[in-house]
Structures are given as structure tokens and as C-alpha cells.
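> Quick one: sequence and predicted model below, then my questions.
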Amino acid sequence: MNGDAIAILEVDRLGKRFGGLEAVAELSFTVREDEIFAIIGPNGAGKTTTLNLLSGLLTPTTGTIRLAGREIQTLPSYERTHLGLGRAFQVVQPFPEMTVRENVQVGALFGTPGIDRAEGERRADEALERAGMTALAEQPAEELTLLQEKRLEIARALATQPRVLLLDEVMAGLRPAEARQAVQLVRDVRASGVTVVFIEHVMPVVRDLADRVLVMDHGRFLAEGDYATVTADPKVIEAYLGAPEDEDDERTDAGATAAGVPNEPDTDEEDGA
Amino acid sequence: MRLWRDLLPVAAFAALLWFLPDLLRAGAGRASVSYLSLVTNAVGLAVLALSWDVLARTGQLSLAHAAFYGTGAYVTTLVARHLDLPLWVGIPAGGAVAALLAVGLGVVTLRLRGIYFAIATLAFTEVLRAFFRQLPTSFAGGAAGMNVAPLFRPAFDPATMERWEIAFLRNEGYYLLYAGLLVLTIGISLWTRRSRLRQAFTAIRTNEEVAGVMGVRPARMKVLAFALSSVSVGMLGAIHAHRVGSVVPEGAFSVATTVFALVTPIFGGLYTTLGPILGAGLLAGIEETLKRNLADGYLIGYGLVLVLSILFMPRGIVGTVRGVARRRRAAAAAAARASEGGAR
């Protein structure tokens, strides 16, 4: 692929430990500007934890995160947002007491420091437009359908003017027709110059959207590459289908990752080979 | 455009407050002294309630309002006693010191939520009460408290005035100060609702983490709310000290002040400007009516009114009325859509 593209998000040996549990360990990957990057993996693989580490809801135990070259892993979430890292949540979390427009205004008025109020309100309306929510602007956020809530979630994140947008399972709970609309929305977002990192369980969506896919298992790097490559990888198939003896598998898998997987961000060639 | 929508009702309300003493005096004569005192209490309660509500909008259910009230009372008393300054200086000084303490408390309690936050703010009130009681008696009066000079000393002219008029004039001064403070507090309340603070405060109240991811700085906003909320209460406590002529630790830092500060907005309608004012007016009226008719048992009746109102109007008066209005509008819109569909 476009190997000389600019790295916008660089994650290096990221780790998060909750007491005795290693939720994320030795995780390294690089997202390039303007790509759609998927993070997949079985339940409990540490995908949402990773997203929380990226957006600052959790502080990593080890490792670094760079956004456009700047280390951000110790910054509070609002500063990461100010630097251009947007986030839409899996469990949609609108502010129910506000209208749809006001919800989006939160992101528009506070996502960019020092923004003028009129300009913020204009950007909020623009984000509503981009997410196809203009008609519902005056509706209380508590009265939305699930698809509308997801659109609001994305509009709110877009209103913060992100360079990188993190999406956590946007398709979960949507009907197929709705999911197609959501896929188109994500494409439009990327077309407008925003890099997208998303977590997804629905594999056809990953196939349709992702330029590159990172597979995680037990909090660790398992594979990376384009959709066809990673889904053909025996390690990935095993992780998804499960091996007969789960515990043994975990041990060998963890050992293999620690020993065998290089930490250079760009592992495309190896996975592709 | 937006500004006018607020400015007109506020100006009308301020004019009503301004002319109320004259209306009372013309209408009730001698009895206007007690009416004026009742109205003054109601306005004071409105300041207490409305300022508490500003802080509550960030989701911080504070039990520290008596702390700011008492601080204002002590500051103005100490200024009057130990510094050679005009008496009125103590009032803004009381507000300023209360705001400083509030910022301090806000910073320390940033990480606390829910019940832990409430307990910490209650403890803060108790600590301040103990602090002022333990100060040297010669400096701050100890447990017995101190006398405070009145702000107003109207001259009595036997040729043109009746005896009750002198009491009226004295009360009128305090009433107007309270009224001015209420207008200031309305200004603060409206500002937090019409500026981008509305979005920030509501977002923090709903979900602080999500608010942070949207770029809101929760810590800064919560501390700002503390300062905005405490400044008028500090001044209220200061004026009240001059009005009653004394300050004692138990009275200045009374839990009752904190309770009224939170019960009134809940009764009237949380997170609104009208609700706490309406609640204060009604509760003061209900309390007075019960007092006159039930004598010693009035607190039971008062408690009953509050319990029933929370049972049947959990969103307060304003919240309930708005809810009904919105359901009516929604029903009307649905009916309109249905009839339109039928016509086709």
C-alpha cells in the first residue's frame, strides 16, 4: 500500500494492567493519515480498552501514543480532543436532557480551544449536516432511535473537528439496511479528510470499510494487514474459532507474541508475505 | 434577539421588586412592616436557592451553602469590628471570601461524586463553624458570637411619621439590598444558561467522562460553578448579619440554610431560573400561612407539603408544567399528522 503515507497515530508497546489482569500488553501499531483502520478480535481481546487508552479515559501503564508526532498518553481526554482526536462511543451516550443540536454544540464549542461561539454553532450545524441529522436538530436526544443515536454520536465527534476519529462498534445493534447507511457515513467522513480507526464485530463491515486491519487477542497484537490477509492467517482463525485447550493456547499465544512479533509499527510486509 | 428575550422579563421583575415596598405601604399601612419582612425573607430564600441551583447544574449536589453564607456573615462582622472602613465594604468582601473558599473546596472535591461529595461539603461547613467558634473570643466572639452594626439608621421625625414607619424604612433598606442581590443572581443564572456554559454544565452533569472526550474541561467548569454559586450567598449572609444585628456560629453555619438552599430549587424546578424563584415565593408563603394557622405544629405541615410535592412533582413545579406542555404539543402534532394522513 502507500508506504510513504504520513503516520498520524503511532502506538508503541502500549500496556494496561488492572491489578493482576493484563488487559493490553506490548501493543504497537501505526495508523496512516486518511486511512480507515479496523481493530478486530474476539470478545475480551482488549479492543475497547485500547480505544479508551487512546482517548484518555484510561491511562496506560506502559508505552507511548503519538498523535501527529506528539506524545499524548499522559494528557487528559479534553486535551487530546483539542489536538484532534475524536471519539464516538459504543454504548451511545447522548446527553438526554439536551436537544440533538445542543449535544453536537458541546463538541463544537469545546472541541477546539478558543473558538468563537458563532463559529462553534456554525460548525455544529455543519456536523449535523454531515451526519444527516439536520432534520432532527430540535428533537430531544432522549427520543431518538438507535440509528439516529449513532448518527448523533458521530456528529458530536465530528463537531470537535477531529483529524482522527475513533469509532467503537458503530454497527452494533443496527439492522442490515441501517448498517449500510452507517458504512456510507463512515466513508463520507473519511472522504472529508478524517482518518478513521474503528472497532467492529460485523465482519462484512470490516471487509467493506477497512484499508488495514489489526487483529488483537488477549490484549496483544496478533496480526495486521488487509482484510483478506488477516482473515486467511491461521493464528487469526484459531483465535476466533478457539483451540480445544483454551488455557494452553493462551500461554503459547502470549509467549509467541512477546517473542516473535516485532515492535516496529509497520508490519505489513511480514504479514503480507 | 436572544438578549431581549431575557432582558424584558428580568427588567419587569426588577421593577416589580423596586416598587413593591411602596405598593405594600400604600395598601397595607401599619401591617406592611410584617409583609415587607416576609417578602424580604422570600427574596433571600430565592437568592439562596437560585445560587445553589447554578452549582447543581454541574451535577455537584453541595451541602456547603451554609458555609458560604456563614463566611459572608463573619467576614462583614469582622471587617466592621476590626477595620476602619465603611460598613458596606463588608458585603462584597463577604462575597469575595466566600468565592475564594468555594474555589478551594471545589478543587479539593473534584474527584468526589455523589454521596462522598455531599458528605465532604457538609464536613466543610462543620469545620468552618468550628473554626470561627474557636477563634479568640476577643477577635471573633467565640461561641457567643458578636453584635453587628445595622447598615441603615433612618432618622425619626415625629412631626411627619408614625412609629411603624421607622421600622418600615429600616427594613426597606435591607429589602432593596436583597432584591438587588436577587437580580444579580438571576443574571448569573441566566448567563450560565444562555452562554456555552449551559452545554458544558449539562454535559458534565450527565457524563463527565464523555464531556471530557467532547473537549470540555470538567475540572475548570466545576470550580467555576462553585465560584459563581457562592458569591451571592456570601453577600446574602453578610447582609443578613447586619439585618438581624448579630452573628453566632450555630446560626451562621446552620444546616437549615443548606437544607433550604436545596429543597427550594427541587420544589420549584431544578436547573431553571424561574423554578427556584417561584419555589422560594411559594414556600415562604406556605410557611407563613402554616405558622399563622398551626402555631407550634407548622413544621409538620411544612414537611408534609414538601414530601407530597416531591412524591407527585419530582421534577418540581416548572419541570412538571413544562413536561405537560411538551406532551400536549407532541399530542397535538401527532393529531395533526394523523388528520393530514386521513385527508389524503
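That came in fine, so what should we check first?
> list the buried ones in the strand or helix carrying residue B:39?
Using DSSP states H and E, the element containing residue B:39 is helix B:32-56. Within helix B:32-56, the residues scored as buried using 16 or more other CB atoms under 10 Å in any protein chain shown are B:32-33, B:35-37, B:39-56. Heads up, the C-betas are built off the backbone N, CA and C, glycines and all.
> cool, stretch A:182-198 as well?
A:182, A:183, A:185, A:186, A:189, A:190, A:194, A:195, A:196, A:197, A:198.
> now stretch A:83-102
Result for stretch A:83-102 [16+ other CB under 10 Å]: buried residues A:83-90, A:92-95, A:98-102.
> Now do the contacts for residue B:21.
With CB atoms under 8 Å, 6 or more residues apart in numbering or on different chains as the criterion, the residues that contact residue B:21 are B:32, B:36, B:168, B:172, B:175, B:176.
> Next to chain A, which bits of chain B? Give me the list.
By CB under 8 Å from any CB of the partner chain, the residues of chain B that approach chain A are B:195-196, B:198-200, B:202-203, B:206-207, B:209-218, B:271.
> Tell me the buried residues within those.
Counted by 16+ other CB under 10 Å, the residues of chain B next to chain A give B:196, B:198-200, B:202-203, B:206-207, B:209-218, B:271 as buried.
> Among the residues you listed, which ones are in strands?
Using DSSP state E, no member of those sits in strands.
> Those residues in helices, which ones?
B:198, B:199, B:200, B:202, B:203, B:206, B:209, B:210, B:211, B:212, B:213, B:218 (DSSP state H).
> thinking the third one is in contact with residue A:102, fair?
Translated: residue B:200. No: contact criterion CB atoms under 8 Å: residue B:200 and residue A:102 do not qualify, at 11.0 Å.
> Next to chain B in this structure, residues from chain A, please.
Counting by CB under 8 Å from any CB, chain A sits next to chain B at A:55-57, A:76-78, A:81-82, A:87, A:89, A:93, A:95-98, A:102, A:105-107, A:109-113, A:117, A:120, A:156, A:160.
> so where's the stretch 51-200 of chain B shaky on pLDDT?
The model of the stretch 51-200 of chain B has no residue with pLDDT under 70.
> Using CSV, lay out the contacts of residue B:21 together with distance to residue B:87.
Converted to CSV, these look like this (distance: CB to CB, whole Å):
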residue, distance to residue B:87
B:32, 26
B:36, 21
B:168, 21
B:172, 17
B:175, 17
B:176, 15
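> Retrieve the pLDDT associated with residue B:294.
If you check residue B:294, the pLDDT there is 85.
> what packs against whichever strand or helix holds it?
Assigned by DSSP H and E, residue B:294 falls within helix B:274-294. The contact analysis (3 or more CB pairs under 8 Å, 6 or more residues apart in numbering or on different chains; DSSP states H and E) places helix B:274-294 against helix B:32-56, helix B:163-194, helix B:255-268, helix B:298-312, helix B:316-343.
> In contact with residue 213, which residues?
As the question left the chain open, I've gone with chain A. A:37, A:38, A:39, A:40, A:206, A:224, A:225, A:226, A:227, A:230 are the contacts of residue A:213 under CB under 8 Å, 6+ apart.
> switch to chain B, that's the one I care about
Counted by CB under 8 Å, 6+ apart, residue B:213 has contacts A:55, A:56, A:57, A:77, A:78, A:81, A:87, A:89.
> Please look at the fifth one and residue B:212 and confirm they touch.
To tie it back to what came earlier, the one meant is residue A:78. Yes: when contacts are counted by CB under 8 Å, residue A:78 is listed as touching residue B:212 (4.9 Å).
> give me phi/psi at residue B:162?
phi -90, psi 170 (degrees, to the nearest 10).
> and the closest residue to residue A:63 other than its chain neighbours, helix, strand or coil?
Closest residue in space to residue A:63, ignoring its immediate chain neighbours: residue A:14 at 3.7 Å, by CB to CB, 6 or more residues apart in numbering or on different chains. Assigned state for residue A:14: strand (three-state reduction, DSSP: H, G, I helix; E, B strand; the rest coil).
> Over to the one 3 residues further on?
Applying three-state DSSP to residue A:17 yields a three-state assignment of strand.
> Of the contacts of residue A:213, which belong to helices?
Among the contacts of residue A:213, the members falling in helices (DSSP H) are A:206, A:227, A:230.
> Stretch A:51-68: end-to-end distance?
Using CA to CA, to the nearest Å, one end of stretch A:51-68 lies 17 Å from the other.
> Oops, could you answer that again for stretch A:72-85 instead?
For stretch A:72-85, the end-to-end distance is 10 Å (CA to CA).
> repeat for stretch A:89-104
14 Å.
> what's in contact with it?
If you take CB under 8 Å, 6+ apart as the criterion, stretch A:89-104 is touched by A:48, A:106, A:124-125, A:127-128, A:133, A:136-142, A:144, A:146, A:149-150, A:152-153, A:155-156, A:159, A:168-169, A:172, A:199, B:198-199, B:202-203, B:206-207, B:210, B:213, B:271.
> Over to stretch A:172-182?
Residues from elsewhere that reach stretch A:172-182 (CB under 8 Å, 6+ apart): A:90, A:146, A:147, A:150, A:151, A:170, A:171, A:201, A:202, A:205.
> Narrow those to just the buried residues.
A:90, A:147, A:150, A:151, A:170, A:171, A:202, A:205.
> tell me the phi and psi of the nearest residue to the last one once chain neighbours are set aside?
The spatial neighbour of residue A:205 that comes closest, neighbours along the chain excluded (CB to CB, 6+ apart), is residue A:171 at 5.2 Å. The phi and psi values for residue A:171, taken as degrees, to the nearest 10, are phi -90, psi -10.
> Looking at the buried ones among the contacts of stretch A:172-182, which is nearest chain B?
residue A:90 (12.0 Å; CB to the nearest CB).
> what helix or strand is the closest one on?
With DSSP H and E as criterion, residue A:90 is part of no helix or strand.
> And it, what's its pLDDT?
Reading off the model, residue A:90 has pLDDT 81.
> Tell me how far it lies from residue B:92.
50 Å (CB to CB, to the nearest Å).
> Equivalent analysis for residue A:13, please.
When residue A:13 is compared with residue B:92 (using CB to CB), they lie 56 Å apart.
> residue ranges of the strands in the stretch 101-250 of chain A, please?
A:164-168, A:195-199, A:212-217, A:220-225 (DSSP state E, counting those that start in this stretch).
> how about a markdown table for those, with mean pLDDT added?
Output for the strands of the stretch 101-250 of chain A, formatted as a markdown table (pLDDT from 0 to 100):
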| stretch | mean pLDDT |
| --- | --- |
| strand A:164-168 | 96 |
| strand A:195-199 | 97 |
| strand A:212-217 | 96 |
| strand A:220-225 | 96 |
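> Tell me which of those lies nearest to residue A:6.
Closest to residue A:6 of the strands of the stretch 101-250 of chain A is strand A:195-199 (CB to CB; 9.8 Å).
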